[in-house]
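[1] Give me a model of this one.
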Amino acid sequence: MAGGGAGLFADEGGAEIATVAEISHLVHQLLDDPRLQAIWVQGEVRDCSFSAKGHCYFSLSELQAGRTYVINCAMWRSYARELFFEPRDGMQVLVWGSVEVYEPQGRYQFIVRDMVSAGEGEKHLLVQRWKEELAREGLFEAARKKPLPRFPERVGVVTSATGAARRDIEQVIARRFPVEVVLCPAAVQGEGAPAEIAAALGRIDERVDVIIVGRGGGSFEDLFAFNHPQVVRAIAACVTPVVSAVGHETDHTLADYAADLRAPTPSAAAELAVPDRIELAGDLVRLRHQLRSGLVARVEGGWETLEGLRLRLQPRRFRRRIDEEMQRIVDLDERLARAEGSLLARQRLLLGQLATSLGALNPHASLARGYCIVEKDGAVISSAGALAQGDRVTLRMADGIASARIEEVDHDSNL
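    Residues are numbered from 1 along each chain as shown. Alright, predicted model coming up:
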């Protein structure tokens, strides 16, 4: 066994033997080259078909030096439905995508994410570069989007004065919610169209409540003016909310990314710009019904409350309620008087006890019984040890004082 991958074996001659899975994996790694990712390829469409689920399968071929080179291609439904034309055999196209390999079957193919006719290829590449440049400027950010007014009074329209888009917008607005439509005409295709559209947006900005800019359907070349950076920057610079309405539902231009709202068609833009008066009338009827129902419920509730008050305030019931309250007050008054008498009796008893205790502690009561207080130099003498022979003392008695001199001090050893 050779020292290669886990699936490699050596034959009798020592050569390594690879497994099918290893070969497919190796091919996948080799095809994962930046030069084969996100690239444009030009060729002739062959064997083009659509599956039941909408996926497009075809081959691109090229004749060179007498030999025909072919690469298999697949365009998934999510990308194929964005095409504004149907690819056919023999058509020269420019496709954008990457080379990928499906390992289980060992088959590589070009996965197509965009397709244009070869004649328009250069302009498609130009639009892609514009898109990247304008995105870096932040003109497509969601934070820049402004809400549309709920009830506009003036709707501005930037489109061809003679085009079907103008008529569609005016008819829809007249039917849904008649307001003033201000037309600011501009060419919508041709070399000077981007400058005219940008200038018209600048003139009408802040003079209306919402602006619709666009045109009817057409080819990529017809809609090219709405990819121009001059138009995109003019839309982004508008203070007034802008609705883009370029082409049909499947058409997408850079103006759609810069607008505050994209509409699939001019008629749809008019529907988004103004409300529907029929729907508003229906809403008004519903709100009126809700208001009437709410008022009726409140009036009925008020009558019930008044009836309850009337019943509670009948003379007999009112007098009975007053008598009950008077009896309750009398009961409370008697309870308060009894509580007050009991409290005063307890307070008198407590004061008598305190007076007795204070009387027992009164030194003058002891003097009245024949005792006296001995003082020396103004201080009360409570011990014989504080006296000496010859000391002058004061004897305080119940009805006066007397002066004395100590003749002898006899200490009682039993105390």
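
[2] low-scoring stretches of the stretch 301-415 of the chain, by residue?
    312-318, 359-360, 362-363, 365, 413-415 (pLDDT under 70).

[3] all strands of it, in order?
    In the stretch 301-415 of the chain, the strands defined using DSSP state E, counting those that start in this stretch lie at 373-376, 379-380, 392-397, 400-405.

[4] Sheet partners, orientation included, of the second one?
    So the one you mean is strand 379-380. strand 373-376 (antiparallel) (DSSP bridges).

[5] can I get the CA coordinates of the partner strand in CSV?
    The C-alpha coordinates for strand 373-376 follow below in CSV (Å, rounded to 0.1, in the frame of the first residue of the first chain):
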residue,chain,number,x,y,z
ILE,A,373,-29.2,65.1,107.6
VAL,A,374,-25.6,65.9,108.5
GLU,A,375,-23.8,68.2,106.1
LYS,A,376,-20.1,69.3,106.2
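
[6] still on that earlier bit, tell me which of the strands of the stretch 301-415 of the chain approaches residue 152 most closely.
    Nearest to residue 152 among these is strand 379-380; the distance by CB to CB comes to 107.0 Å. For glycine as for every other residue, the C-beta is placed from the backbone atoms N, C-alpha and C.

[7] Tell me how far residue 33 lies from residue 99.
    Distance of residue 33 to residue 99, given as CB to CB, to the nearest Å: 8 Å.

[8] Over to residue 403?
    Counting by CB to CB - residue 403 and residue 99 are separated by 137 Å.

[9] And for residue 387?
    From residue 387 over to residue 99 the distance is 130 Å, taken as CB to CB.

[10] ok but residue 111 is inside a helix, no?
    No. Per DSSP: H, G, I helix; E, B strand; the rest coil, residue 111 lies outside any helix segment and is strand.

[11] and it, how many residues sit next to it?
    Look at residue 111: counted by other CB atoms under 10 Å, it has 14 neighbours.

[12] where does the stretch 1-150 of the chain dip in pLDDT?
    Ranges of the stretch 1-150 of the chain meeting pLDDT under 70: 1-15, 20, 106, 119-122.

[13] how about the strands in it?
    9-10, 16-17, 39-50, 56-64, 67-75, 92-102, 107-117.

[14] Of those, which is nearest residue 277?
    Per CB to CB, nearest to residue 277 of those: strand 107-117, 42.2 Å.

[15] okay, the angle between the closest one and strand 67-75?
    Taking axes from the mean of the first three to the mean of the last three CA atoms, to 10 degrees, one finds strand 107-117 and strand 67-75 inclined to each other by 80 degrees.

[16] Packing partners of strand 107-117?
    strand 67-75, helix 77-80, strand 92-102 (3 or more CB pairs under 8 Å, 6 or more residues apart in numbering; DSSP states H and E).

[17] Name the strands paired with it and say parallel or antiparallel.
    With DSSP bridges as the test, strand 107-117 is paired with strand 67-75 (parallel), strand 92-102 (antiparallel).

[18] Restrict the longest one to CA atoms and write it as CSV.
    In other words, strand 92-102. What follows is strand 92-102 as a C-alpha-only set of coordinates in CSV (Å, rounded to 0.1, in the frame of the first residue of the first chain):
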residue,chain,number,x,y,z
GLN,A,92,-24.6,35.2,-29.4
VAL,A,93,-24.7,36.0,-25.7
LEU,A,94,-22.5,37.2,-22.9
VAL,A,95,-23.0,35.3,-19.6
TRP,A,96,-21.7,36.1,-16.1
GLY,A,97,-21.1,33.4,-13.5
SER,A,98,-18.6,30.8,-12.2
VAL,A,99,-17.3,27.4,-13.2
GLU,A,100,-18.4,24.7,-10.7
VAL,A,101,-18.2,20.9,-10.5
TYR,A,102,-20.8,18.4,-9.3
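
[19] Reformat the strands of the stretch 1-150 of the chain into CSV and put distance to residue 230 next to each item.
    Shown next, in CSV, are the strands of the stretch 1-150 of the chain (distance: least, CB to CB, whole Å):
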stretch, distance to residue 230
strand 9-10, 66
strand 16-17, 62
strand 39-50, 25
strand 56-64, 34
strand 67-75, 32
strand 92-102, 25
strand 107-117, 22
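
[20] What strands line up against the helix or strand where residue 182 lies, and which way round?
    Here residue 182, judged by DSSP states H and E, is contained in strand 180-183. Neighbouring strands of strand 180-183 in its sheet, by DSSP bridges, are strand 154-158 (parallel).

[21] Report the contact partners of the nearest residue to residue 249 once chain neighbours are set aside.
    In space, and not counting its chain neighbours, residue 249 is closest to residue 264: 3.7 Å by CB to CB, 6 or more residues apart in numbering. Counting by CB atoms under 8 Å, 6 or more residues apart in numbering, residue 264 touches 245, 248-249.

[22] The protein: helices as residue ranges?
    Assigned by DSSP state H, the chain shows helices spanning 20-31, 77-80, 121-136, 164-176, 193-204, 229-237, 254-258, 266-273, 277-312, 315-361, 363-368.

[23] Reformat those as JSON lines; add distance to residue 375 and mean neighbour count.
    Listed next are the helices of the chain as JSON lines, based on distance: least, CB to CB, whole Å; neighbours: other CB atoms under 10 Å:
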{"stretch": "helix 20-31", "distance to residue 375": "122", "mean neighbour count": "14"}
{"stretch": "helix 77-80", "distance to residue 375": "120", "mean neighbour count": "15"}
{"stretch": "helix 121-136", "distance to residue 375": "110", "mean neighbour count": "14"}
{"stretch": "helix 164-176", "distance to residue 375": "118", "mean neighbour count": "18"}
{"stretch": "helix 193-204", "distance to residue 375": "116", "mean neighbour count": "20"}
{"stretch": "helix 229-237", "distance to residue 375": "110", "mean neighbour count": "20"}
{"stretch": "helix 254-258", "distance to residue 375": "113", "mean neighbour count": "23"}
{"stretch": "helix 266-273", "distance to residue 375": "114", "mean neighbour count": "24"}
{"stretch": "helix 277-312", "distance to residue 375": "83", "mean neighbour count": "10"}
{"stretch": "helix 315-361", "distance to residue 375": "20", "mean neighbour count": "10"}
{"stretch": "helix 363-368", "distance to residue 375": "12", "mean neighbour count": "12"}
